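Novice: predicted coordinates and the sequence they were generated for:
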Amino acid sequence: MIKKKIRLVSSVLTVLLAVSVFLFINRYNSSNEQFEPIIEDSLQVASHLPINREFGLAIDSFVVTKERIKPNEFLANILLPHHIDYVTIDALAKKSKPIFDVRKMVAGKTYTILASKDSLQKAQYFIYQPNAIDYVVYDLRDSILIYEGQKEVEIVEKTAAGIINSSLYLTLQENEVSPALAVRLSEIFAWSIDFYRIQKGDWFKVIYDEKFVDGESIGIGEIKAVEFNHYNTNFYAFHFKQGDNDDYFDEEANSLRKAFLKSPLKFSRLSSRYTMKRFHPVQKRWKAHLGTDYAAPTGTPIMSTGDGVVIESARKSANGNYVKVKHNSVYTTQYLHMSKRNVKVGQRVRQGDIIGFVGSTGLATGPHVCYRFWKNDKQVDHLKQDFPSAEPVLAENKAAFDLYLKEYKQKLDLIRLQIDLMAAN
């Protein structure tokens, strides 16, 4: 009887133990099933954390050093302290030549070193930036790998306006706009406005792109539209691209650029070219001839090759009767040996206007005009100049230009000047 009770108790204990084990295992499995998704969720959250990237690299994984190249500093001076030996530096310089010659690194330019985060902190990457956008990456890890890249450029459309009191340059500075815009505007209107004759009270409105890299401005981009009031006359410029060429056009779809006439005479022959060494027929010696001679009968009309203002109309011993025309802030022309001058100083002339007549006054052996050409105050050979096209908006592009004109003309009208605000009050 006692033995039966003992067996019964033993069986019960065995069953209870089995049940306990089963429940434990089941609970353990159940616990694991609930825990695994938590691990996955944690990894998923971690994978979505923002990664600080620059030059296409996760720079948080490195010790970062940013410096500017010092005068007389070479690649070896930069990399040796970061545990890159001479042999590797020499190999890097040789391998880099087809992509970028390290000897052309310029003092003041930025470089970045990404070093390992261990106790040695050996350079893993060297990045050189020749400008704000471009960079060259030198991967110094297992084997030297060199490649180029560009930083992302953000383009922001901006507007500026101002009334000129002293100069366009200072007006832009006062309005916290890059003075570089003044140079760009002078180039756009070079054929219409002499920016050396800007007067107090002239005003402008401009819509332009500004370029940003890493949140910092790196300069003026495309100038999209301008309204410039000079001597109470409005001058417009609208940037428009047709085909592979882009240019600036006025509100009538005409190019703002005006090509020069190839010759100041309608009918002539080129008798002597621009040269740094020519035997002078009168002075009987070798000297530079900084002009182009066009032979024609005495009295042949001489035309101004472009729009401009007469700045000289006189007679000198060597030049004879001559006229000098300033076309804009870049170009000036001169016409020598005239038999008679037909314009006065200060007179405005248009392309093709008759400014004098062929003669042989001054040091000339026969009737001709010596045509001289200045670009940025330096005499050059006009036959070798690549003048911009004066082609208007083509018929097939006119509809697209009209839409652009309408959009940006409205934007210009919305820009308020101080005189507008005063009038409104």
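Specialist: Yep, it's here.

Novice: all contacts plus neighbour counts: C-alpha atoms, from now on.
Specialist: Fine.

Novice: relative to residue 301, how far out is residue 266?
Specialist: Applying Cα to Cα, to the nearest Å, the value for residue 266 to residue 301 is 8 Å.

Novice: how about residue 315, what does it touch?
Specialist: Shown in contact with residue 315 (Cα atoms under 8 Å, 6 or more residues apart in numbering): 321-322.

Novice: tell me which element it is part of?
Specialist: Assigned by DSSP states H and E, residue 315 belongs to strand 308-316.

Novice: how far does that strand sit from its chain's centre?
Specialist: In terms of Cα atoms, centre = their mean, to the nearest Å, the centre of strand 308-316 is found 37 Å from the chain centre.

Novice: with adjacent residues omitted, what lies nearest to residue 230?
Specialist: Distances taken as Cα to Cα, 6 or more residues apart in numbering put residue 202 closest to residue 230, at 5.1 Å, once the chain neighbours are dropped.

Novice: coming back round to it: residue 266 and residue 301 - which one has more neighbours?
Specialist: A side-by-side neighbour count of residue 266 and residue 301, using other Cα atoms under 10 Å, places residue 301 first with 20 against 14.

Novice: next up, phi/psi of that one, please.
Specialist: Note on residue 301: its backbone torsions stand at phi -60, psi 140 [degrees, to the nearest 10].

Novice: these two touch, right, it and residue 354?
Specialist: Yes. Using Cα atoms under 8 Å, residue 301 is in contact with residue 354, at 6.1 Å.

Novice: got any ranges where the stretch 151-300 of the chain has weak pLDDT?
Specialist: Residue ranges of the stretch 151-300 of the chain with pLDDT under 70: 194, 196, 267-269, 271-289.

Novice: so which residues of it form helices?
Specialist: Under the criterion DSSP state H, counting those that start in this stretch, helices of the stretch 151-300 of the chain are mapped to 168-174, 180-188.

Novice: buried ones in the last one?
Specialist: It stands for helix 180-188. Buried residues in helix 180-188, defined by neighbour count with 16 or more other Cα atoms under 10 Å: 181-182, 185-188.

Novice: how far away from the center of its chain is that helix?
Specialist: Worked out by Cα atoms, centre = their mean, helix 180-188 lies 12 Å from the chain centre.

Novice: that one packs against which elements?
Specialist: Other helices and strands packing on helix 180-188, by 3 or more Cα pairs under 8 Å, 6 or more residues apart in numbering; DSSP states H and E, are helix 168-174.

Novice: still on that earlier bit, got the helices of the stretch 151-300 of the chain as a markdown table, with distance to residue 328 columns?
Specialist: Formatted as a markdown table, the helices of the stretch 151-300 of the chain follow (distance: least, Cα to Cα, whole Å):
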| stretch | distance to residue 328 |
| --- | --- |
| helix 168-174 | 16 |
| helix 180-188 | 9 |
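
Novice: can you tell which of the ones you listed is closest to residue 96?
Specialist: Taking Cα to Cα, helix 180-188 is the member of these nearest to residue 96, at 34.3 Å.

Novice: which residues touch that closest one?
Specialist: The contact list for helix 180-188, computed with Cα under 8 Å, 6+ apart, reads 168-169, 172, 193, 195, 220, 237, 248, 256, 329.

Novice: may I ask which two of those residues are separated the most?
Specialist: Within the contacts of helix 180-188, 172 and 256 form the most distant pair, 22.8 Å apart (Cα to Cα).

Novice: ok, these two, which is more surrounded?
Specialist: Taking other Cα under 10 Å, residue 172 and residue 256 do not tie; residue 256 has more neighbours (24 against 20).

Novice: look up how far residue 249 lies from that one.
Specialist: Distance from residue 256 to residue 249, by Cα to Cα: 5 Å.

Novice: cool, residue 77 as well?
Specialist: Distance from residue 77 to residue 249, by Cα to Cα: 52 Å.

Novice: quick one, which of those two is more surrounded?
Specialist: Ranked by neighbour count (other Cα under 10 Å), residue 77 and residue 249 place residue 249 first, with 24 against 10.

Novice: so the more buried one touches residue 255, yeah?
Specialist: Yes. Taking Cα under 8 Å as the definition, residue 249 is a contact partner of residue 255 at 4.4 Å.

Novice: ok now do residue 367, which residues does it touch?
Specialist: 295-298, 337, 358-360.

Novice: report pLDDT for it.
Specialist: The pLDDT attached to residue 367 in the predicted structure is 91.

Novice: tell me the strands in the stretch 151-300 of the chain, going along the chain?
Specialist: For the stretch 151-300 of the chain, the strands defined by DSSP state E, counting those that start in this stretch occupy 154-163, 203-213, 216-230, 233-242, 245-249, 269-272, 275-279, 286-289, 292-295.

Novice: show me the one of those that comes nearest residue 134.
Specialist: Among the strands of the stretch 151-300 of the chain, strand 203-213 comes nearest to residue 134, with 10.8 Å by Cα to Cα.

Novice: name the surrounding residues that touch that closest one.
Specialist: Looking at what lies outside strand 203-213 - Cα under 8 Å, 6+ apart - the contacts are 132-133, 151-164, 217-230, 412, 415.

Novice: of the residues you listed, grab the buried ones for PyMOL.
Specialist: The PyMOL command for the buried members of the contacts of strand 203-213 (criterion: 16+ other Cα under 10 Å) is given here:
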select buried, resi 132+153+155+159+160+161+162+163+164+217+220+223+224+225+226+227+228+229+230+412
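
Novice: circling back to that earlier point, list the strands paired with the strand holding residue 315, with their directions.
Specialist: Here strand 308-316 is paired, per DSSP bridges, with strand 320-326 (antiparallel), strand 348-349 (antiparallel).

Novice: out of the ones you listed, which is the most enclosed?
Specialist: Mean neighbours per residue, mean count of other Cα atoms under 10 Å, is largest over the strands paired with strand 308-316 for strand 320-326, with a mean of 24.

Novice: any idea how far that strand is from the middle of the chain?
Specialist: 37 Å.

Novice: and what of stretch 355-371?
Specialist: Stretch 355-371 sits 44 Å away from the centroid of its parent chain (Cα atoms, centre = their mean).
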